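Chemist: below is the sequence, then the predicted model.
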Amino acid sequence: MSVKMSQEVPFNDILLPGKTPSGLSAFKFMSRPWNPTKSYVLDKCYSPQDLKDLVAKSVYLDSVIEAESARTGVRKEKLRREMLAYLEEMGLDKKIYVIRWMGIVFLKFCSMMKVGVFVNEPAILKLKLSMGANPVLFLPTHRSYADFCLMTYLCYNYDIDFPAVAAGMDFYSMAVVGRRMRETCAFYIRRTLAGAPLYAATLRQYVRTLVSKHCAPIEFFLEGTRSRSNKSLPPKYGMLSMALAAYFAHEVSDVTIVPVNISYDRLMETALFAYEHLGVPKPKESTGGLLKALHSLNDHFGNIYINPGAPLSVKQYLKSESISSEMLKPVDLQQLTPEQFTQVQDIANYVITLQQQNTVATISNLIALVLMQSLIQNKTLDIEDIVSEMNWVIELLKSLGASVYEKDVRSDVERILVVHSKMMRLDKDKKLRLLSSTLMTVSDDVKKKMKGHILKAETMVNAVPIIQLQLYVNPVLHYLVPPALLALLAQNNPSKERLFADYQHIRKLLRHEFFHVEKEEEKIFNSALQYCIDNNVIASREGSLVPGEGHKTRYLLKWSVWPALTTLLKCTEVMTEHKSCEHKKALKLVQERVESSNCHPYCLSLESIGNCLQGLALAGALVRDRGQQEVTYAVVPDAMAQSHRLVTSVLPDFYVDFGRNNSVILDHRPLMSRL
């Protein structure tokens with residue numbers, strides 16, 4: 001159950017000068033005496049080098065090297081040198097003076113960006129008091145590269161030892177930055193472990209040693225990568241399984257997991273993400289690229305909200321200890337059993353839902369909902385309309401269990417219009433308008449690297465601003481989707497039993513687009529149905545459920561899932577026609593179909609299309625075959641036809657011109673740019 005936020009749970013801006021006595025400068029604050037709380041109290045605090053030495057001497061790696069030498073014929077001495085090189089590559093370092101200087105730089109950037117970092121302080125202080133008995137895992141959402149800095153600075157601010165943070169190899173090769181990140185407790189991991197058994201074994205043992213022997217928290221992103229959609233991704237299980245290996249082998253008595261939601265008024269990567277959705281390849285991270293991007297930081301980026309959830313005890317969650325034949329082996333040699341890995345998956349899925357429950361609905365999310373509805377209705381709103389609509393949306397979201405952080409809606413709207421001045425603005429008549437984007441010509445080099453269909457320049461210029469706006473709608477959709485689907489299904493006048501069956505079917509089709517835990521679905525369904533009945537979205541008539549008279553709520557709910565359902569429908573159409581298709585080709589074909597149709601521009605998102613294809617596979621409408629080179633889908637005709645009929649029966653009927661003829665879009669195109 002989501003926890004509603006109130007004024008009794010204060011969010012404090014930890015960047016305010018008032019947080020330090022007499023308004024101390026960034027330098028004085030970062031150089032203050034610092035005696036952190038250890039998250040895990042041990043008889044000995046191991047240094048970064050000690051941790052690597054423990055890994056190198058482990059019985060487990062000795063056994064892996066022995067087996068690899070026998071399998072490949074490579075001498076054990078050479079394999080050991082290889083293992084030590086891996087350890088040097090991945091191992092964290094900790095230099096307090098570097099952390100202090102990086103903190104000063106971080107505060108400087110925050111000042112340039114006019115950022116406030118608001119933290120649920122009671123939750124952090126309560127967590128800090130409970131630390132010491134066992135290892136702590138910080139599992140934050142991952143929406144921006146800023147997430148790395150935020151959690152480390154939060155720990156410094158509240159005198160908690162710096163977390164060991166898992167970072168991708170993209171940063172490892174960045175001049176200066178890669179080394180500085182390592183010295184601020186980052187450890188590096190490769191994206192894939194396939195084909196490198198010794199590297200995989202070294203990483204597993206290193207993470208396991210961090211959990212069992214490190215006095216500081218361990219931090220990694222359960223989703224594995226930044227969410228380009230600004231909503232929850234299905235979890236990756238690898239890092240969590242490595243981290244919990246120490247618990248299952250009884251090296252530690254328990255592990256505390258802290259889900260953390262980080263919400264942004266404005267993402268630094270919004271424009272970049274919009275182009276990635278359309279298939280433009282992500283630029284490679286580099287120090288030069290970072291330096292070029294710094295000039296854009298001298299702008300208003302609004303507030304960031306860090307909301308930790310209640311700590312989760314792995315021992316209490318699992319309730320009973322698993323007994324396996326692995327326990328007969330020496331502790332170092334014990335590995336996760338299939339049953340234990342299933343438990344890891346269950347924990348990971350649950351933690352994602354806890355992150356969702358701790359979402360802070362920001363003013364950016366609220367105004368994005370209002371402006372998107374304005375676009376769909378082709379109706380401009382003045383400031384009074386905006387404030388009125390936002391107050392209504394706030395109450396709607398709160399009634400669905402959302403946490404909304406706002407003080408005074410009118411002043412918050414004025415603030416957020418400054419933050420998003422490149423995306424929306426009030427025109428000369430004081431009407432809220434969405435700004436069109438620059439007309440781009442795509443170079444031949446970029447066209448060769450495009451991941452999807454080569455879209456027309458006009459398509460891209462219309463799609464980019466609306467996709468950017470959708471990225472601020474997405475974080476709150478997990479509250480809206482269950483009642484929205486029920487509102488649409490009620491159009492078919494079903495019984496409650498039929499309603500639940502069809503609801504489960506569509507939720508499965510959209511599981512990758514709107515992540516949820518299937519075993520919780522009956523509870524979510526009943527709660528959403530009760531909400532719909534209480535708010536007259538659905539009415540009961542002669543044993544059937546029918547649309548109610550709550551037209552305003554029904555309208556918002558219907559358009560909130562319109563893009564996802566449309567994308568799903570296009571996927572069923574394309575796959576039915578082609579019978580069998582490779583994944584990359586399917587993405588291009590669906591994107592091409594969307595471009596030629598009157599669809600919401602977010603339907604062009606390759607991520608959304610991929611999610612719908614995976615949903616069709618999960619529901620049995622496609623058979624997914626992972627070949628050596630490429631994933632291939634094959635249609636299951638009856639199941640695909642059933643899914644197609646269901647989606648067609650509920651798809652909202654909107655006709656919207658998302659081009660220059662829409663009165664809400666303000667065409668202010670500068671000179672043509674080159675992509």
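Modeler: Everything's here; your move. Residues are numbered from 1 along each chain as shown.

Chemist: going forward, measure contacts between C-alpha atoms and count neighbours the same way
Modeler: OK.

Chemist: quick check: Gln470 vs Phe171, distance?
Modeler: When Cα to Cα, to the nearest Å is applied, the distance between Gln470 and Phe171 equals 29 Å.

Chemist: who has more neighbours out of these two?
Modeler: Gln470 (23 against 19; other Cα atoms under 10 Å).

Chemist: just want the phi and psi numbers for that one.
Modeler: phi -60, psi -30 (degrees, to the nearest 10).

Chemist: so who does it touch?
Modeler: Ala368, Met372, Tyr602 (Cα atoms under 8 Å, 6 or more residues apart in numbering).

Chemist: skipping adjacent residues, who's closest to the last one in space?
Modeler: Just to be clear, that refers to Tyr602. Ile467 (5.4 Å; Cα to Cα, 6 or more residues apart in numbering).

Chemist: as CSV, could you dump the C-alpha coordinates of the helix or strand hosting the one you found?
Modeler: Assigning secondary structure by DSSP states H and E places Ile467 in helix 457-473. What follows is helix 457-473 as a C-alpha-only set of coordinates in CSV (Å, rounded to 0.1, in the frame of the first residue of the first chain):
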residue,chain,number,x,y,z
ALA,A,457,12.3,15.0,-40.6
GLU,A,458,8.7,16.3,-40.1
THR,A,459,7.9,13.2,-38.0
MET,A,460,10.8,13.8,-35.7
VAL,A,461,10.2,17.5,-35.2
ASN,A,462,6.6,16.8,-34.2
ALA,A,463,7.5,13.8,-32.1
VAL,A,464,10.4,15.0,-30.0
PRO,A,465,8.6,17.7,-27.8
ILE,A,466,5.6,15.4,-27.2
ILE,A,467,7.9,12.5,-26.3
GLN,A,468,9.8,14.8,-23.9
LEU,A,469,6.5,15.8,-22.3
GLN,A,470,5.5,12.1,-22.0
LEU,A,471,8.7,11.4,-20.1
TYR,A,472,7.2,13.6,-17.3
VAL,A,473,3.8,11.9,-17.5
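
Chemist: can you list the buried residues in it?
Modeler: Of the residues in helix 457-473, those buried under the neighbour-count criterion (16 or more other Cα atoms under 10 Å) are 459-473.

Chemist: any low-confidence regions in the stretch 351-500 of the chain?
Modeler: Residues of the stretch 351-500 of the chain meeting the criterion pLDDT under 70: 439-442.

Chemist: would you list every one of the strands in it?
Modeler: Secondary structure of the stretch 351-500 of the chain, counting by DSSP state E, counting those that start in this stretch: strands at 360-361, 403-404, 424-426, 432-435, 440-441.

Chemist: turn those strands into JSON lines, columns for distance to Pro163.
Modeler: Supplementary listing: those in JSON lines, determined by distance: least, Cα to Cα, whole Å:
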{"stretch": "strand 360-361", "distance to Pro163": "23"}
{"stretch": "strand 403-404", "distance to Pro163": "27"}
{"stretch": "strand 424-426", "distance to Pro163": "38"}
{"stretch": "strand 432-435", "distance to Pro163": "40"}
{"stretch": "strand 440-441", "distance to Pro163": "42"}
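
Chemist: can I get those strands in JSON lines with mean neighbour count and distance to Arg593?
Modeler: Formatted as JSON lines, the entries for the strands of the stretch 351-500 of the chain read as follows, by neighbours: other Cα atoms under 10 Å; distance: least, Cα to Cα, whole Å:
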{"stretch": "strand 360-361", "mean neighbour count": "24", "distance to Arg593": "34"}
{"stretch": "strand 403-404", "mean neighbour count": "21", "distance to Arg593": "38"}
{"stretch": "strand 424-426", "mean neighbour count": "20", "distance to Arg593": "29"}
{"stretch": "strand 432-435", "mean neighbour count": "24", "distance to Arg593": "26"}
{"stretch": "strand 440-441", "mean neighbour count": "16", "distance to Arg593": "21"}
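
Chemist: out of those, nearest to Leu240?
Modeler: Counting by Cα to Cα, Leu240 lies closest to strand 360-361 out of these; the figure is 24.9 Å.

Chemist: show me the contact partners of that closest one.
Modeler: Outside strand 360-361, the residues that touch it by Cα under 8 Å, 6+ apart are Asn261, Ser263, Tyr305, Asn307, Ala402, Ser403, Val404, Tyr405, Pro475, Val476.

Chemist: check the offset of it from the chain's centre.
Modeler: Using Cα atoms, centre = their mean, to the nearest Å, the distance from the centre of strand 360-361 to the centre of the chain it belongs to is 14 Å.

Chemist: sheet-wise, list the partners of it with their directions.
Modeler: strand 403-404 (parallel) (DSSP bridges).

Chemist: much appreciated, bye for now.
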